[in-house]
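K.L.:
would you be able to build a 3D model of this:
(chains A and B)
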Amino acid sequence: MSNTTQHGRRRIRKARRIDWGGAALLLYVIAFLVFLVMPIIAVVAVSFSSASFIVFPMPGLSLRWYGRIIAYRPFIDSLIVSIEIAVCSATLGAFLGVPAVLWVARSPSRIASVVANLLLAPIAVPAIVLGFALLYLLSDLMLGISFLSLLIAHTVIAIPYVARTTFAVYRAQSPDLEEAAAVLGASRWQTLRHVTVPLIRPGIFAGGLFAVLISLDNLPLSFFFGNSDVNTLPVVMLSYMQNQFDPSIAAISTVQMLIALVTLAVVQALYGVDRLITT
Amino acid sequence: MTSTRTDAGATTVHPRARRARFRLARPSWTWPALAYLSVFFLLPLITNLVRSVSTGEASWSNPFVYYVKLITDRYYLGVLLETLFVSIVTTILCLLVSYPISYFMVRKAGRWNVVIVFFLVAPLLTSIIMRTFGWTVLAARRGLFNTWLMETHLLARPLDALNGPVIVYVALVHVLAPFMILSISAVLQTVDVRLEESARLLGAGRVSTFLRVTLPLSLDGITNGCTLVFVLTNGSFLTMLLLGGGTIKTLALLIYQQFNLTQDIGFAAAMGNILLIMALVCLLLQARLVRRRNVKQ
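P.N.:
Below is the predicted model of the structure:
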């Protein structure tokens, strides 16, 4: 009897000791998560400040900075350009990248692995180098600073993001399904449309979503192609910050975040983001 | 029809044998992407290489003048070394901060794992400008930190944290640690927990189990994460531009300034190529290290 209680006590003591390490780790993780969201929450808070500079505690709440960004045309114009560029480049990237991935993922040849590396390579090149190099090439092609140039540049980066996720999803699918379709008499086009594309859609969507988010925030790439007519939001924000320092930057950041959140919510409603993340 | 049926019968026995038979895609399906990337990705990088040895001060007689300038001029060499230093320090900091989080996610979090992943991915919805601006808000002279610290009488005068190098590292770790965490936890997930349990049962302590079993088996994740963070730090200039008051000068920031102010195209091209070479060396190193260990990622 005493033996078993001793045993039980020892077990309890052991359990408690393990708990200490675990509790420290848990506290650390929570502290880290707070660290992750703190600057974001701070910006959202400041966007509702009534002061015209950054000061805590805030003297009062107001929506004047939201009024300011609506009044300040470059913010809205560039936001629209940014969204157009992001969506168009992701779409174009998918149309270019996905067919290539379909071949690369099923071919055992060495050429295929070279092609795969090329498809993924633009991620590895620092964006500022790519942007700089592309600017002079596109100027030589008489495109220079324009919407088209921005679109071309952003598509180069969209291809690897779409290719990467599509590749992973397509690799996980059995080729039997496509073969079955072919055996049953489907043409290549029918097989593609009714079998392959529905199977790899999560990969295309996830990659496209990534490409959109990356494009919206790709300052180093956009920076070289901006002028007063066509500009993306990050470039306008940066030049605004270098001249003035008021909470309207916080307001436009918050708006941009809300747009991304709404997009995500729509994708979630239509498709399920958790499925995108797990694939 | 009969032949197909026997085919199908054969392939259920050898599923791999069939993989080479039917391929939906033709090689020509890669042409649009190849053409696009050749013209708008490879070609500009090549012309950039040419530009760095033929524009401005560089000429046929002295093509490498910019590269020589970069590694002999004291100022530029300093920038080059500072770029490496910042990237290495940021990578180490990220690794130290991230490993416990990854470990927690894989071994302890259970169903809370999804919540942590959400927290890691959510900042992607905000711009880097927003996150950098957030640190400005927090660390400004009359920002949140100073106000708190003064109110609790921990500080007599506001700290000028914005104009030092520390805030740059804090912001870099803030942006890049999620990449490290996700890289490590992806590999840690594949480490069988029973290996750790066996080590414990065989008498190894917690520390030696970690050092001799868990850590070596997760090295691939560490390699992937470190490469990613290093390359991303190398290419980033926004954090250094907006925070630290110009105390940290890196190559990417210098390219930005060269383009904005001096328009010395050849020199900017040469600096870009150095940056590119550093990234490529890193990736080759990564491919080498990960492949040699030959662990399934």
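K.L.:
OK, contacts around residue 130?
P.N.:
You didn't say which chain, so I picked chain A. A:P122, A:A153, A:V156, A:I157, A:L221, B:F41, B:P44, B:L45 (CB atoms under 8 Å, 6 or more residues apart in numbering or on different chains). Any C-beta I mention is one placed from the backbone N, CA and C, and that applies to glycine too.
K.L.:
nope, chain B
P.N.:
B:M130 touches A:P39, A:I40, A:V43, A:A250, A:S253, A:T254, A:Q256, A:M257, counting by CB under 8 Å, 6+ apart.
K.L.:
what helix or strand does it sit in?
P.N.:
Applying DSSP states H and E as the criterion places B:M130 in helix B:128-139.
K.L.:
which outside residues touch the following helix or strand past that helix?
P.N.:
Counting by DSSP H and E, the next helix or strand C-terminal to helix B:128-139 is helix B:144-151. Residues outside helix B:144-151 that contact it (CB under 8 Å, 6+ apart): A:A42, A:F56, A:P57, B:V137, B:L138, B:A139, B:A140, B:L155, B:A156, B:P158, B:L159, B:A161.
K.L.:
repeat the analysis, applying 7 Å as the threshold.
P.N.:
A:A42, A:F56, A:P57, B:V137, B:L138, B:A139, B:L155, B:P158, B:L159 (CB atoms under 7 Å, 6 or more residues apart in numbering or on different chains).
K.L.:
what's the answer for stretch B:212-227, then?
P.N.:
Everything outside stretch B:212-227 that qualifies as a contact, by CB under 7 Å, 6+ apart, is B:91, B:95, B:98, B:179-180, B:183-184, B:186-188, B:191, B:195-196, B:199, B:204, B:282-283, B:286, B:289-290, B:293, B:295, B:297.
K.L.:
hmm, back to that, closest one of the contacts of A:L130 to B:S208?
P.N.:
Distance to B:S208 across the contacts of A:L130 (CB to CB) is lowest for A:P122, with 43.4 Å.
K.L.:
and the closest one, what pLDDT?
P.N.:
According to the prediction, A:P122 has pLDDT 91.
K.L.:
still on that earlier bit, quick one: distance of the helix holding B:M130 to the chain centre.
P.N.:
20 Å (CA atoms, centre = their mean, to the nearest Å).
K.L.:
how about the closest residue to chain A within the stretch 101-250 of chain B: what's its closest non-neighbour residue?
P.N.:
Per CB to the nearest CB, B:G134 is where the stretch 101-250 of chain B lies closest to chain A, at 2.4 Å. Excluding the flanking residues, the one nearest B:G134 by CB to CB, 6 or more residues apart in numbering or on different chains is A:P39, at 2.4 Å.
K.L.:
and the helix or strand where A:I249 lies, what does it pack onto?
P.N.:
Element membership for A:I249, per DSSP H and E: helix A:248-270. Packing partners of helix A:248-270 (3 or more CB pairs under 7 Å, 6 or more residues apart in numbering or on different chains; DSSP states H and E): helix A:2-47, helix A:64-71, helix A:233-243, helix B:128-139.
K.L.:
run the chain-centre distance for that helix.
P.N.:
With CA atoms, centre = their mean, you get 12 Å for helix A:248-270.
K.L.:
check stretch B:188-196 too.
P.N.:
So, by CA atoms, centre = their mean, the centroid of stretch B:188-196 is 25 Å from its chain's centroid.
K.L.:
keeping just the C-alphas, turn that stretch into CSV.
P.N.:
In CSV, the C-alpha atoms belonging to stretch B:188-196 read as follows (Å, rounded to 0.1, in the frame of the first residue of the first chain):
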residue,chain,number,x,y,z
LEU,B,188,10.7,18.0,-37.8
GLN,B,189,7.3,16.6,-38.6
THR,B,190,9.0,13.7,-40.4
VAL,B,191,11.2,12.8,-37.4
ASP,B,192,9.6,9.8,-35.7
VAL,B,193,8.8,10.6,-32.1
ARG,B,194,9.6,7.0,-31.2
LEU,B,195,13.3,7.7,-31.9
GLU,B,196,13.3,10.3,-29.1
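K.L.:
model confidence for the closest residue to chain B within the stretch 1-150 of chain A, exactly?
P.N.:
Closest contact between the stretch 1-150 of chain A and chain B, by CB to the nearest CB, is at A:P39 (2.4 Å). On the pLDDT scale, A:P39 is placed at 92.
K.L.:
neighbours of it, how many?
P.N.:
By other CB atoms under 10 Å in any protein chain shown, the residues close to A:P39 number 26.
K.L.:
check contacts around it.
P.N.:
A:P39 touches B:R131, B:G134, B:W135, B:L138, B:H174, counting by CB under 7 Å, 6+ apart.
K.L.:
most surrounded residue in those residues?
P.N.:
B:G134 (27 neighbours).
K.L.:
ok, that one touching A:A45?
P.N.:
No. With contact defined as CB atoms under 7 Å, B:G134 does not count as touching A:A45 (9.8 Å).
K.L.:
distance of B:R23 from A:P202?
P.N.:
22 Å (CB to CB, to the nearest Å).
K.L.:
which residues are in contact with the helix or strand A:N117 falls within?
P.N.:
Per DSSP H and E, A:N117 falls inside helix A:110-124. For helix A:110-124, contacts defined as CB under 7 Å, 6+ apart pick out A:97, A:100, A:104, A:130, A:156-157, A:159-160, A:163-164, B:30, B:33-34, B:37, B:41, B:231, B:279, B:283.
K.L.:
redo that, cut-off 8 Å
P.N.:
Taking CB under 8 Å, 6+ apart as the rule, helix A:110-124 contacts A:97, A:100-101, A:103-104, A:130, A:156-157, A:159-161, A:163-164, A:167, B:30, B:33-34, B:37, B:41-42, B:231, B:279-280, B:283.
K.L.:
do stretch B:99-111 as well
P.N.:
A:22, A:25-26, A:28-29, A:32, B:113, B:115-117, B:177, B:180-181, B:184-185, B:188-189, B:191, B:193, B:214, B:218, B:221-222.
K.L.:
if we go to 6 Å?
P.N.:
A:L25, A:Y28, A:V29, A:F32, B:N113, B:I116, B:I181, B:I184, B:S185, B:L188, B:Q189 (CB atoms under 6 Å, 6 or more residues apart in numbering or on different chains).
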